[in-house]
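Visitor: here is the input, now give the coordinates:
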Amino acid sequence: MRVVILGSGRGSNAEAILQAQCDHRLGSAQVVKLFSDQPAAGLLALGARFGVETAFIDPAPFKTKLEGPGEDRFIEAIQATGADLVVLAGFMRVLKPKFLSTFAGKMINLHPSLLPSFPGLDGIGQAFRRGVKVTGCTVHYVTQEVDGGPILDQAAVRVEPGETIETLADKVHAAEHDLLPAVIARLSAQSKI
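Guide: This is a model prediction of the structure:
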């Protein structure tokens, strides 16, 4: 199973996937390329370290969504890899119908809450401010409904008395780093059937 990762930031979830690959914990999945919409994204530095190709793709003309020429560039680049699975790991763009339909059923996202609770931006902060006792992270298929696609798996994180937003974020991120590679490995096993 050929995997492409899209990200916009430091790439901690991509790093967890790549480390799982090095440790032979991704099953038949193989990360073939990392793409970013930010030329200075930390994600792009992971390529040399893990021996995976990386590329910045210009998302222009829009700042927060992927549409028009930028969307076309991303679609073409992903299709050129022969990707079986597209993993959104901190990719901070609103995806539009053309992109979504091109990769329907082949694209997953990691969200930092136990969906359907706290979708959208700042899932950890939303949960913390609400005062929940348990939060976590979710891996789901990407559909037109933001954070509304079918859920593949979740990991719960208990919010302890005296927890700060920073300590809670650290715990959720640690859970993400375990959950996302495990889901990819499971999908790769299912794709062999």
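
Visitor: quick check: buried residues in the longest helix seen in the chain?
Guide: What stands out as the longest helix in the chain, according to DSSP state H, is helix 165-191. Going by neighbour count (16 or more other C-beta atoms under 10 Å), the buried part of helix 165-191 is 168-169, 171-173, 175-177, 179-185, 187-188. The way it works is simple: take the backbone N, C-alpha and C, and place the C-beta from them, glycine included.

Visitor: contacts only, for the most centrally placed residue in the chain.
Guide: The centroid of the chain falls nearest to Ala89 when counting by C-alpha atoms, centre = their mean (2.3 Å). Under the criterion of C-beta atoms under 8 Å, 6 or more residues apart in numbering, the contact list for Ala89 reads Ile5, Leu6, Gly7, Gly11, Asn13, Ala14, Ile17, Leu43, Leu110, Leu180.

Visitor: go ahead and confirm the second one touches Gln38.
Guide: No - under the contact definition of C-beta atoms under 8 Å, Leu6 does not touch Gln38, with a separation of 10.9 Å.

Visitor: who's more crowded, these two?
Guide: Higher neighbour count among Leu6 and Gln38: Leu6, with 27 against 16, using other C-beta atoms under 10 Å.

Visitor: what's the angle from the strand or helix carrying that one to helix 165-191?
Guide: Using DSSP states H and E, Leu6 sits in strand 2-7. Our comparison of strand 2-7 with helix 165-191, counting by axes from the mean of the first three to the mean of the last three C-alpha atoms, to 10 degrees, yields an angle of 160 degrees.

Visitor: now strand 2-7: buried residues?
Guide: Val3, Val4, Ile5, Leu6, Gly7.

Visitor: what's the burial count for Asp153?
Guide: Asp153 has 14 nearby residues by other C-beta under 10 Å.

Visitor: give me the element it is part of.
Guide: In the assignment (DSSP H and E), Asp153 maps to strand 151-158.

Visitor: re the thing from before, any idea of the mean pLDDT in the longest helix of the chain?
Guide: The average pLDDT within helix 165-191 is 96.
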